[in-house]
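J.: Starting from these lines, generate the structure:
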Amino acid sequence: MQILSKEEILLRKEEVARKVSEGIIFIHPTDTIYGLGCDATNKEAVDKIRKLKKRKEDPFSVIAPSKKWIEDNCELSDEARTWLKKLPGPYTFVLKLKNKSCVANNVSPGKETLGVRMPNHWVKDIVKTLGVPIVTTSANQTGKEFMTSIKNLDPEIKKGLDFAVYEGEKRGKPSTIVHLEGEEVKVRER
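T.: Just a heads-up that it's a prediction; the model follows:
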């Protein structure tokens, strides 16, 4: 596994974009914690993350390439549009999908909804460059502690990675989940 800095990723954006489209698995920083990611439109790549995390069915969230992508692919109530103005930020919005083919069907299996993020972090600009959503799920096996430093990256997760973008230790907590798919807004701190 290769460890890359922000500067290295920015210098190699085209190469990284090509590799992501080919189905690589990687760790990326966010405004909250480190995430395990892949191209969310690539079913095989999503399956690789499911195997690494030992997470068979629970849905994954994605980092959207833009607010327009969210508007084009998700149903937005007036309340959801108000919340959308808070992006970028430390939120995951659970929204009803209007375009189910915008991500692979194993990102949110059996669900009519999708968790969507736009972190207040430079990684959102990389996702915008990619032009496709990327899976973002905590960098750990389900039920275990999430990665805060490269030193505590689970060895089983590490085996399945192509690279990690590392920017030092993170002491954040996972994003706040805001359910906007129904009549009532529900906010869940984690």
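J.: what's the weakest-modelled helix or strand in the chain?
T.: One helix or strand of the chain scores below all others by mean pLDDT, DSSP states H and E: helix 13-21, with a mean of 89.
J.: How far does that helix sit from its chain's centre?
T.: Helix 13-21 has its C-alpha centroid displaced from the chain centroid by 16 Å (C-alpha atoms, centre = their mean, to the nearest Å).
J.: residues near Glu145, how many?
T.: The burial count assigned to Glu145 is 10, neighbours taken as other C-beta atoms under 10 Å. No exception for glycine: its C-beta is placed from N, CA and C like everyone else's.
J.: That one is in what secondary structure piece?
T.: When secondary structure is defined by DSSP states H and E, Glu145 falls outside every helix and strand.
J.: Quickly note the distance from the nearest residue to it once chain neighbours are set aside to Tyr34.
T.: In space, Glu145 comes closest to Asn152 once its chain neighbours are excluded; the distance is 7.2 Å by C-beta to C-beta, 6 or more residues apart in numbering. In this structure, Asn152 and Tyr34 are 10 Å apart, going by C-beta to C-beta, to the nearest Å.
J.: Can you pick out the residue with more neighbours from the two?
T.: With neighbours defined as other C-beta under 10 Å, Asn152 and Tyr34 compare such that Tyr34 has more, 26 against 12.
J.: My guess is the more buried one contacts Asp154. True?
T.: No: Tyr34 sits out of contact with Asp154 when judged by C-beta atoms under 8 Å, with a separation of 11.3 Å.
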